[in-house]
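**Q** got a structure for you, letters missing:
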Ligand code: ATP
Ligand code: MG
């Protein structure tokens, strides 16, 4: 799928990376809220590729996760899906994806990496963390059950001044959403409904292809 990339004029781009196994309304509300609160031009969803060795039993194939993400985002003219990590051979590093987007959208554009509060804490374990924070800003969506003090700690570790940290890492309040892909997979496994947790088209896709049984 072609993303809406042109470097004619600088844009504000949201990046939403994830396994999307499957994509759910928590992801969509978060992306929509970032679009609105930060005045972004678009949000690009980037599903991860298949790991070289299957680690998790209930991990749907990259192509299924990609298609479900396309289905879930298709009605929103500001949402796009990018297959760069799915098509990349070997292990994918976030830094490579961010660099790729920098090239696509030009140096005048601003990249905002949108993550849940849980995911931003993992950033500390990422490769090239310090380089990533110079290439993209971060929006951390607060998710029920997560303690903001850890994010504040992370900000002081990564930046020299509080000012600089506040210009690069933002906290975004979103309506409390306890939806997670883990819970959705567990529900499907034991035959409980997931409608209203995922878009209707995603639910239909899961049923049609017998995913997460
Ligand atoms: P899993 O339970 O398998 O880890 P997940 O629901 O956390 O799945 P991911 O694909 O791992 O979904 O998440 C992609 C991104 O979306 C991450 O940055 C994650 O923090 C964020 N996210 C996931 N669920 C929510 C939610 N309900 N509200 C806000 N952000 C969320
Ligand atoms: Mg997760």
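**A** Arrived safely, thanks for sending. In this text the structure is predicted, and so the values were computed from the model without any measurement. Numbers count the residues shown, from 1 in each chain. Ligands and ions are numbered 1, 2, ... in the order given.

**Q** CA atoms for contacts and neighbours, from now on please.
**A** OK.

**Q** Within range of ligand 1, give me the residues from the protein.
**A** Contacts of the chain with ligand 1, taken as CA under 6 Å from any ligand atom, map to 17-21, 26-27, 30, 115-119, 141, 143, 177-182.

**Q** Can you give me the buried ones in the lowest-mean-pLDDT helix or strand in the chain?
**A** Least confident helix or strand, the chain: helix 117-122 with a mean of 82, by mean pLDDT, DSSP states H and E. Residues of helix 117-122 classed as buried: 117-118, 120-121 (neighbour count, 16 or more other CA atoms under 10 Å).

**Q** residue contacts, residue 22?
**A** 65, 68-69, 181, 184-185, 202 (CA atoms under 8 Å, 6 or more residues apart in numbering).

**Q** cool, residue 86 as well?
**A** Under the criterion of CA under 8 Å, 6+ apart, the contact list for residue 86 reads 47-50, 62-63.

**Q** Show me which of these are buried.
**A** Buried members of these, scored by 16+ other CA under 10 Å, are 47-50, 62.

**Q** how close does residue 161 get to ligand 1?
**A** 25 Å (CA to the nearest ligand atom, to the nearest Å).

**Q** cool, residue 41 as well?
**A** 19 Å.

**Q** one step back: which one of the contacts of residue 22 is nearest to residue 194?
**A** Using CA to CA, residue 184 is the member of those that sits closest to residue 194, with 6.3 Å.

**Q** how far away is the closest one from residue 206?
**A** Distance of residue 184 to residue 206, computed by CA to CA, to the nearest Å: 11 Å.

**Q** now do residue 100
**A** Residue 100 is 31 Å from residue 206, by CA to CA.

**Q** go on, residue 118?
**A** Residue 118 sits at a distance of 26 Å from residue 206 (criterion: CA to CA).

**Q** same check, this time on residue 61
**A** For residue 61, the distance to residue 206 equals 12 Å [CA to CA].

**Q** okay, those two: which has more neighbours?
**A** residue 206 (19 against 15; other CA atoms under 10 Å).
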